[in-house]
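**Student:** build me a model:
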Amino acid sequence: MLTRRSFLASAAALPAATLIATQAAAAEPPVYATDGVAINGYDPVAYFTEEKPVKGSPEFTSDWDGATLQFASAENKAIFDADPVKYAPKYGGYCAYAVSKGYIAKTDPDAWSIHEDRLYLNYSKSVRALWAARKRHHIKSADANWPSVLSA
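**Tutor:** Below you'll find the model as predicted:
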């Protein structure tokens, strides 16, 4: 059984480098993207409609703050285009936990959660567990840090 003490001990044992913090010398782009594609090519709408990560297609894309989002279908693209704020991941798709701590980190499309109708991504599933332990607190901190953390 995982107790609070063992959880905190295991979390403390995670090396800081595990989060792969990006200390920005210059301003980072507002959206975390690999080769210009956000969320590693996963469909942001599918997290809501299918409750799982679904790979998007280069056939169905939208521009989002200078990055390309891919969708699994024309329908999902239309849903996103009608309300991008609702479906786009918070904090530009950077790790929500890292943003709450004052820095940015890449994300894993499998390390996600939806809270109060917003999509949050994390660096890994273990970091998502840290995020979930105090989600409201982390959201408040991340909201205060965003977007200034991009030029930290």
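
**Student:** can you tell me what sits against stretch 30-47?
**Tutor:** Outside stretch 30-47, the residues within contact range by CB atoms under 8 Å, 6 or more residues apart in numbering are 52-56, 64-72, 76-77, 79-80, 87-89, 92-94, 104, 106-107, 109, 112, 114, 119, 121, 147, 150. Yep, even glycine has a C-beta here, placed from its N, CA and C like the rest.

**Student:** chain neighbours aside, what residue packs nearest to the residue positioned nearest the centre of the chain?
**Tutor:** The C-alpha lying nearest the average C-alpha coordinate of the chain belongs to Leu121 (CA atoms, centre = their mean; 2.5 Å). Once its chain neighbours are removed from consideration, Leu121 has its nearest residue in Thr107; the separation is 3.9 Å (CB to CB, 6 or more residues apart in numbering).

**Student:** is the residue nearest to the centre of the chain in a bridge, and if so with what?
**Tutor:** Listed beta-bridge partners, Leu121: Trp112 (assigned using DSSP bridges).

**Student:** isn't it up against Ala111?
**Tutor:** Yes - the pair formed by Leu121 and Ala111 meets the contact definition of CB atoms under 8 Å, at 6.5 Å.

**Student:** report the secondary structure state of Ala129.
**Tutor:** helix (DSSP: H, G, I helix; E, B strand; the rest coil).

**Student:** so what pLDDT did it get?
**Tutor:** Looking at Ala129, its pLDDT reads 97.

**Student:** need the contact list for it.
**Tutor:** Applying CB under 8 Å, 6+ apart, no residues contact Ala129.

**Student:** roughly how far apart are it and Ala96?
**Tutor:** With the distance defined as CB to CB, to the nearest Å, Ala129 ends up 13 Å from Ala96.

**Student:** for Phe71, give the beta-bridge partners.
**Tutor:** For Phe71, the beta-bridge partners under DSSP bridges are Ser57.
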